[in-house]
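In: Mind folding the following:
(one chain, ligands or ions: 1)
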Amino acid sequence: MLTIEKAAWDVMVAHAEATYPNECCGVMLGKGKTVTRAKALDNTYEGAQEDRYEIRPEDLLAADREARKDGLDIVGIFHSHPDCAAYFSKTDLENSCPWYSFVVLSILKGKFDNAGSFLPNAEQTEAPEEELIWPKS
Ligand SMILES: [Zn+2]
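Out: A predicted model of the protein is given here:
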């Protein structure tokens, strides 16, 4: 189970809605399975960003440094699916890594609709969904 606190959740939803109709991405920081802070990152994918995202490795390293400085860890990665359900796609699986939770936000017509969190296995062959708690407001 992954729990996202309100301050982090607000950043994630705002970023996903602001970048619509493109996909957004970012990191979730916190402790254990609780996300207390989220950081929006640039989608650096050079093709059509409606259905793909890429994170600069340097951005991830910088986020990791920031997390450690404040006694936090990178808990996971989030990205959005514009006008598409909150599922984990084949591309998502291919670009995943097994030590993070991957949260997908479904944005329909520019507004947040739903979210899911996925835990890819080491072989990158499947990513079972885990329970996701976010502030309902
Ligand atoms: Zn995706």
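In: So the closest residue to the ion within the chain: helix, strand or coil?
Out: Closest approach between the chain and the ion, counting by CB to the ion: Asp92, at 4.1 Å. Quick note: C-beta positions are derived from backbone N, CA and C, even for glycine. The three-state label given to Asp92 by DSSP: H, G, I helix; E, B strand; the rest coil is helix.
In: and the closest residue to it other than its chain neighbours, bridged to which residues?
Out: The shortest distance from Asp92 to any non-neighbouring residue, by CB to CB, 6 or more residues apart in numbering, is to Phe102 (6.7 Å). According to DSSP bridges, the partner residues bridging Phe102 are Ile77, Phe118.
In: Check the burial of Phe102 by counting its neighbours.
Out: 23 (other CB atoms under 10 Å).
In: Ile4 too?
Out: For Ile4, the count of nearby residues is 28 (other CB under 10 Å).
In: Now do it against Thr36, distance only.
Out: To Thr36, Ile4 is 9 Å away according to CB to CB, to the nearest Å.
In: give me the low-pLDDT residue ranges for the protein?
Out: 137 (pLDDT under 70).
In: Run through the strands of it in chain order.
Out: 2-4, 25-31, 34-41, 73-82, 101-108, 111-118, 129-130, 132-133 (DSSP state E).
In: In TSV: the ones you listed, plus distance to the ion.
Out: As requested, these are arranged in TSV below (distance: least, CB to the ion, whole Å):
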stretch	distance to the ion
strand 2-4	17
strand 25-31	9
strand 34-41	15
strand 73-82	5
strand 101-108	6
strand 111-118	10
strand 129-130	13
strand 132-133	15
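In: which residues does the nearest residue to Lys111 once chain neighbours are set aside contact?
Out: Nearest residue to Lys111 in three dimensions, chain neighbours excluded: Glu17, at 6.6 Å (CB to CB, 6+ apart). When contacts are counted by CB atoms under 8 Å, 6 or more residues apart in numbering, Glu17 touches 107, 110-112.
In: And for Glu130?
Out: Neighbours of Glu130 in contact, by CB under 8 Å, 6+ apart: 1-2, 101, 117-119.
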